[in-house]
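**Student:** Need coordinates for the following:
(one chain, ligands or ions: 1)
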Amino acid sequence: MLVRKLEEGTVVDHIPDWKAQTVSKVLRLDKLAKMQSETSVAILQNVVSKTLGRKDVIKIDRWLVDEKEADILSLIFPTITVNYIDDWKVSKYTPKVPDVIEGRIRCPEVNCVSNSEREPVVSKFSTLKRERRLQCHYCDTTVPLERIPDLVRA
Ligand SMILES: [Zn+2]
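**Tutor:** Numbering: from 1, shown residues only. Here you go, the predicted structure:
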């Protein structure tokens, strides 16, 4: 794999095999690439992994993924690990399952106050860890964690 080391950026590692596109969607990497013209993204799929057998890896040059975004990813893919690279030095970040998620995810209930056009409020979800669902703070609608990629705000 002819992908050079990063001087500065983020490596999202231990993504389940063939799930890199979902990770890319959650992190909105397409938008990022448009906004930050110096950023480039390498997606490696079906890479041999000691722990997972096969895995996907995403390398993002010149962009540090927000820790909160990494935490949201870990809800969907608990195996992921994140490495931040600054001046060739790597620091590992272990994502934490967030108790509350504000603003990043849209409530699927159209009548929810967080979807109101007149008086919108910032969406807010609590994580129901055992049920593997999110629960809306305003309307109590629950959604399975697997639906998060579809509900990420554009
Ligand atoms: Zn709601």
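
**Student:** When you work out contacts or count neighbours from here on, use the C-alpha atoms and nothing else.
**Tutor:** Fine.

**Student:** Roughly how far does the residue lying farthest from the centre of the chain sit from Cys136?
**Tutor:** Distance from the centre of the chain peaks at Arg118, with 29.2 Å (Cα atoms, centre = their mean). Distance of Arg118 to Cys136, given as Cα to Cα, to the nearest Å: 19 Å.

**Student:** and Thr142, how many neighbours does it have?
**Tutor:** 20 (other Cα atoms under 10 Å).

**Student:** For it, give me its contacts.
**Tutor:** When the contact criterion is Cα atoms under 8 Å, 6 or more residues apart in numbering, the partners of Thr142 are Arg133, Leu134, Gln135, Cys136.

**Student:** Report the two of those separated the most.
**Tutor:** Greatest spacing in those, by Cα to Cα: Arg133 and Cys136 (10.0 Å).

**Student:** Mind checking which of the two has more residues around it?
**Tutor:** Neighbours per residue (other Cα under 10 Å) separate Arg133 from Cys136, with Cys136 holding more: 24 against 20.

**Student:** check the contacts of Thr142 against the ion, which are close?
**Tutor:** Filtering the contacts of Thr142 for neighbours of the ion using Cα under 5 Å from the ion leaves Cys136.

**Student:** so which of the contacts of Thr142 comes closest to the ion?
**Tutor:** Using Cα to the ion, Cys136 comes nearest to the ion of the contacts of Thr142, at 4.6 Å.

**Student:** which other helices and strands contact the lowest-mean-pLDDT helix or strand in the chain?
**Tutor:** Lowest by mean pLDDT, DSSP states H and E among the helices and strands of the chain is helix 29-35, with a mean of 81. When contacts are defined as 3 or more Cα pairs under 8 Å, 6 or more residues apart in numbering; DSSP states H and E, helix 29-35 packs onto strand 40-49.
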